[in-house]
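# Just to be clear, the model below is a prediction. Sequence and coordinates:
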Amino acid sequence: MSHYDLIIVGSGPAGRAAAIQAGKLKRRVLVIDRKDRLGGVSVHTGTIPSKTLRETVLNLSGWRERSFYGRSYRVKDNIGADDLKARLHMTLDHEVDVLEHQFNRNHVDTLHGMARFVDDKTIEVATEAGDVTRLTADRFLIATGTKTHRPDNVPFNGRTVVDSDEFLELAQIPRSLIVVGAGVIGVEYATMFSALDVRVTLIEPRDTFLDFIDRVLIQDFVHQIRENGVDLRLGSAIERIEDAGEHVEVSLANGRHVRAEMLLFAAGRMGATSALNLAAAGIKTDHRNRIEVNRKTYQTVVPHIYAAGDVIGHPSLASTSVQQGRVAACHALDIPTLPESPWFPYGIYSVPEISTCGMSEEEMQTRGIPYEVGVARFRETSRGHIMGLEHGMLKMLFSLKTRRVLGVQIVGEGATELIHIAQAVLNLKGTVDYFVQNTFNYPTLAEAYKIAGLDAFNRMPIPEEYKVKRDAAKPNTV
Ligand SMILES: Cc1cc2nc3c(=O)[nH]c(=O)nc-3n(C[C@H](O)[C@H](O)[C@H](O)COP(=O)(O)OP(=O)(O)OC[C@H]3O[C@@H](n4cnc5c(N)ncnc54)[C@H](O)[C@@H]3O)c2cc1C
């Protein structure tokens, strides 16, 4: 029976980061994955495919050029499912190639098969061919992520009623699409397909959506996606979903019916833990099959078994999973590491993009923090004019007491890249003064930071040391 310093179950972002960290520390490390291709949900059905699809849609549809050349402008006519999939497969193959190379270079062993605990020190891996291997380790990391939530009353058929994994196998682009669930995944796919001129209805049972985003931005976002043709139905509880052969029909509790050629069910994901036999290792899961951990070390209740990534729940991002995996590996292998920064960004790759870091205005109010707001519209920037941007805004929130930036919210082109300026200032405890004192490249969208900073600065009390003191001025003539 082989013995390892660290056995990792799952080769997604958390498992990958942990494995490479362990490899760099020259420890014996093994990654087990039930899929024959490494990379996890992130590479095969989640982050990378959805973002590649988005990029392909925006490029082929000529979306970014339409404000100049009109709504009927296309880079390619008759865009089909094969056009979308061609680029997808090229990108995914490249991602897997890079990952395999990283594992080889860092001497990370891999094993393909379904893993389950025998006890808290032993794991068993079963291949599809029926072979079973037992392995032991000093430490374990569970990085098995999540799988799609498939309620029994949804008539999934893999063709016209699909979950977000099956959606990527699209045989043809539907003329109409219902998306159930206005979470991040639902909103991304709904707006992406609307950019392809598919008639999209986005149904959300609750009255609100993306609740962690500032409401001013959501209003702007809703305005834009409705203008782009998305039929957003909030507060619409679903009574029945029916596969009627030629079409799919959704009956809403308010008595209305919605029909489309295809339905994407994107309401929720569950921790992928049911096959792990966690009870044998002494670990319990919550109602959504997720594992509770110490959020500083990523240890479970069994101190030598760690868990990281989506399997531990919020925030369930590839970006945070990478960070968690590395921190968990360092702790498991007794290597000191820096504490994580408090503020990380959220990126929603809808059309238009949304990205946020820090607090929303609602959160500032709940916490009773006196604040000032600075806003900039992309159309106020020269770069915005050059790019033909009609929409897009950046909003910053500053503490009136400390002048520190406490929250930034962006909707519009480049939001997910622009946010990192704010993230740096936030985590380095910078103030509104940073945006006023610093020069930004011109013309850029980043200039919006300067405009929003000045907007707030001009309404905030001026600190005594900034006031002009004429008496003290020394003439600087020669
Ligand atoms: C459609 C979609 C879009 C997304 N977009 C973004 C985005 O834009 N940005 C972002 O940051 N995040 C995004 N995410 C989230 C991101 O994909 C996840 O946060 C990330 O993949 C989680 O990584 P992980 O390491 O927890 O494991 P995962 O990537 O979930 O991988 C887990 C691996 O464990 C394996 N496994 C499970 N059980 C077993 C077992 N018993 N034995 C062996 N192997 C097992 C699985 O086969 C899988 O390969 C998106 C997700 C989806 C679904």
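Yep, it's here.
# how near is the nearest residue to residue 199 once chain neighbours are set aside to residue 198?
Nearest residue to residue 199, sequence neighbours excluded (C-beta to C-beta, 6 or more residues apart in numbering): residue 176, at 4.2 Å. All C-beta atoms are positioned from the backbone trio N, CA, C, and that covers glycine. Between residue 176 and residue 198 the distance is 7 Å, computed by C-beta to C-beta, to the nearest Å.
# Check what pLDDT the residue nearest to residue 199 gets.
On the pLDDT scale, residue 176 is placed at 98.
# What number of residues are in the vicinity of it?
18 (other C-beta atoms under 10 Å).
# where are the low-confidence patches of this structure?
471-475, 477-478 (pLDDT under 70).
# which bits of it sit near the ligand?
Taking C-beta under 6 Å from any ligand atom as the criterion, the chain approaches the ligand at residues 9-15, 32-35, 40-42, 46-47, 50-51, 114-115, 143-146, 164, 185, 272, 275-276, 309-311, 316-319, 321, 347, 349.
# Return a PyMOL selection command for the buried portion of the residues you listed.
Buried subset of these, written as a PyMOL selection, criterion 16 or more other C-beta atoms under 10 Å:
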select buried, resi 9+10+11+12+13+14+15+32+33+34+35+40+41+42+46+47+50+51+114+115+143+144+145+146+164+185+272+276+309+310+311+316+317+318+321+347+349
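# beta partners for the spatially closest residue to residue 377 that is not a sequence neighbour?
Excluding its sequence neighbours, the residue lying closest to residue 377 (C-beta to C-beta, 6+ apart) is residue 393, at 5.1 Å. Note on residue 393: beta-bridge partners by DSSP bridges are residue 377, residue 411.
# Please tell me how far residue 393 sits from residue 67.
16 Å.
# What segments of the protein are helices?
Counting by DSSP state H, the chain has helices at residues 13-24, 40-44, 47-61, 66-69, 81-105, 184-194, 215-227, 318-332, 361-367, 382-387, 415-427, 432-437, 447-457.
# Could you check how far the longest strand anywhere in the chain is from the centre of its chain?
The longest strand of the chain (DSSP state E) is strand 132-142. Taking C-alpha atoms, centre = their mean, to the nearest Å, one finds strand 132-142 lying 30 Å from the centre of the chain it belongs to.
# Then stretch 445-459?
Using C-alpha atoms, centre = their mean, the offset of stretch 445-459 from its chain centre is 27 Å.
# let's have the chain start at 11 instead
Understood, numbering begins at 11; the last thing we discussed is stretch 455-469.
# Please save the CA atoms from it in CSV.
Only the C-alpha atoms of stretch 455-469 are listed here, as CSV (Å, rounded to 0.1, in the frame of the first residue of the first chain):
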residue,chain,number,x,y,z
LEU,A,455,-11.6,53.2,-18.3
ALA,A,456,-9.5,53.3,-15.1
GLU,A,457,-9.8,57.1,-15.3
ALA,A,458,-13.3,56.4,-13.9
TYR,A,459,-11.6,55.9,-10.6
LYS,A,460,-10.2,59.5,-10.7
ILE,A,461,-13.7,60.9,-11.6
ALA,A,462,-15.5,58.9,-8.9
GLY,A,463,-12.7,59.8,-6.4
LEU,A,464,-13.0,63.5,-7.1
ASP,A,465,-16.8,63.2,-7.0
ALA,A,466,-16.6,62.0,-3.4
PHE,A,467,-13.6,64.1,-2.4
ASN,A,468,-15.4,67.3,-3.4
ARG,A,469,-18.3,66.5,-1.1
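# what comes into contact with it?
In this structure, residues lying in contact with stretch 455-469 by C-beta atoms under 8 Å, 6 or more residues apart in numbering are 382-388, 390-394, 397, 402-406, 408, 422-424, 428, 431-432, 442-446, 448, 450-451.
# could you redo the last one with a cut-off of 6 Å?
The contact list for stretch 455-469, computed with C-beta atoms under 6 Å, 6 or more residues apart in numbering, reads 382, 384-386, 390-391, 393, 404, 406, 408, 424, 431, 442, 445-446, 450.
# swap in stretch 326-335?
In contact with stretch 326-335 (C-beta under 6 Å, 6+ apart) are residues 23-24, 27-28, 52, 57, 308, 318-320, 354.
# Over to stretch 55-62?
Residues outside stretch 55-62 that contact it (C-beta under 6 Å, 6+ apart) are 97-98, 101, 105, 175, 178, 198, 328, 359.
# Check those for burial and list the buried ones.
With burial judged by 16+ other C-beta under 10 Å, the buried subset of the contacts of stretch 55-62 is 98, 101, 105, 175, 178, 198, 328, 359.
# any idea which of the residues you listed is closest to the ligand?
The nearest member of the buried ones among the contacts of stretch 55-62 to the ligand, counting by C-beta to the nearest ligand atom, is residue 328 at 3.5 Å.
# For the residue in the stretch 261-410 of the chain positioned nearest to the ligand, give me its contacts.
Using C-beta to the nearest ligand atom, the point where the stretch 261-410 of the chain gets nearest to the ligand is residue 319, with a distance of 2.2 Å. Residues in contact with residue 319 (C-beta under 6 Å, 6+ apart) are 22, 24, 153, 155, 331.
# backbone phi and psi for the fourth one, please?
For residue 155, the backbone dihedrals (degrees, to the nearest 10) come out as phi 60, psi -150.
# Could you measure from the spatially closest residue to it that is not a sequence neighbour over to residue 149?
Leaving out its chain neighbours, the residue that sits closest to residue 155 by C-beta to C-beta, 6+ apart is residue 320, at 4.4 Å. Using C-beta to C-beta, residue 320 is found at 20 Å from residue 149.
# swap in residue 122?
21 Å.
# Between the two, which is the more surrounded one?
residue 149 (25 against 16).
# That one contacts residue 16, doesn't it?
Yes: judged on C-beta atoms under 6 Å, residue 149 makes contact with residue 16 at a distance of 4.9 Å.
# shared neighbours, those two?
Common contacts of residue 149 and residue 16, defined by C-beta under 6 Å, 6+ apart, comprise residue 342.
# check contacts around residue 476.
Neighbours of residue 476 in contact, by C-beta under 6 Å, 6+ apart: none.
# rewinding a little: elements contacting the longest strand of the chain?
Under the contact definition 3 or more C-beta pairs under 6 Å, 6 or more residues apart in numbering; DSSP states H and E, strand 142-152 sits against strand 12-19, strand 132-136, strand 315-317.
# Out of these, which is the most enclosed?
Using mean count of other C-beta atoms under 10 Å, the stretch among the helices and strands packed on strand 142-152 with the greatest mean number of neighbours is strand 315-317 (a mean of 29).
# mind giving me the domain ranges of the protein?
12-157+280-342, 171-277, 362-474 (automatic domain parsing).
# Let's have the ones you listed in TSV, adding distance to residue 480.
Listed next are those as TSV, based on distance: least, C-beta to C-beta, whole Å:
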stretch	distance to residue 480
domain 12-157+280-342	48
domain 171-277	40
domain 362-474	15
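# do you know which of those domains lies nearest residue 486?
Among those, the nearest to residue 486 by C-beta to C-beta is domain 362-474 (20.6 Å).
# Work out the gap between the closest one and the centre of the chain.
Taking mean C-alpha positions (C-alpha atoms, centre = their mean), domain 362-474 and its chain are 21 Å apart.
# do stretch 350-369 as well
8 Å.
# Start and end of that stretch, how far apart?
Taking C-alpha to C-alpha, to the nearest Å, stretch 350-369 runs 18 Å from one end to the other.
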